[in-house]
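1. here is my input, please return the structure:
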Amino acid sequence: MTVLWVAVGAAVGAPLRYLVDRGVRAWLGQGFAWGILLCNVAGSLVLGVVAGSAIGADWNALLGTGFCGTLTTYSTFGYDTARLAQRGSGGERGQGIRAVLNVVASIVLGVCAAIAGVSLGQAWSI
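-> This next block holds a predicted model:
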């Protein structure tokens with residue numbers, strides 16, 4: 001049954017990531033990886049809440065592994081960062097800096113969101 005919960009969560013998380021990324025890119029443009037940053041930070045927050053609370057194995061599988069596992073994406077983060085870095089080496093002003101900012105923002109905001117999520121999850125479990 002656990003595999004089914006993972007699949008259901010993944011069936012929601014992956015399309016949501018796609019839609020959020022496309023929507024944010026249409027709104028803010030291609031100059032920075034805002035959509036994936038948003039998905040990764042939001043997913044870190046949700047996973048922190050799941051990890052910090054005592055919601056049970058089925059909910060962990062659904063939300064933690066399935067939903068957060070597909071809402072967040074390391075591969076697209078890596079690709080977007082490489083794309084920004086390559087633009088920077090091609091002479092476009094500021095793109096190399098944007099690649100570094102993408103890495104720093106993703107790590108710092110993701111970890112902070114996870115810490116906040118764990119705190120929220122623990123507070124809700126009391």
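2. residue boundaries of the helices in the protein?
-> Applying DSSP state H to the chain gives helices spanning 2-28, 34-52, 57-59, 68-71, 74-89, 95-124.
3. got those helices as JSON lines, with mean neighbour count and mean pLDDT columns?
-> For the C-beta atoms, the positions are set from N, CA and C on the backbone; glycine is no exception. JSON lines is the format used below for the helices of the chain (neighbours: other Cβ atoms under 10 Å; pLDDT from 0 to 100):
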{"stretch": "helix 2-28", "mean neighbour count": "15", "mean pLDDT": "98"}
{"stretch": "helix 34-52", "mean neighbour count": "22", "mean pLDDT": "98"}
{"stretch": "helix 57-59", "mean neighbour count": "12", "mean pLDDT": "96"}
{"stretch": "helix 68-71", "mean neighbour count": "22", "mean pLDDT": "97"}
{"stretch": "helix 74-89", "mean neighbour count": "16", "mean pLDDT": "90"}
{"stretch": "helix 95-124", "mean neighbour count": "16", "mean pLDDT": "95"}
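4. in space, what's closest to the residue nearest the centre of the chain - neighbours in sequence excluded?
-> Taking Cα atoms, centre = their mean as the criterion, residue 40 is the residue nearest the geometric centre of the chain, at 1.2 Å. If the residues on either side of it in the chain are set aside, residue 40 comes closest to residue 72, at 4.9 Å by Cβ to Cβ, 6 or more residues apart in numbering.
5. tally of neighbours for that neighbour?
-> By other Cβ atoms under 10 Å, 21 other residues sit near residue 72.
6. quick check on it: phi, psi?
-> Reported as degrees, to the nearest 10, the phi and psi values for residue 72 are phi -90, psi 160.
7. tell me the pLDDT at residue 94?
-> Per-residue pLDDT puts residue 94 at 66.
8. OK, contacts around the residue nearest to the centre of the chain?
-> Residue 40 makes contact with 72-73, 77, 106, 110, according to Cβ atoms under 8 Å, 6 or more residues apart in numbering.
9. many thanks, we can stop here.
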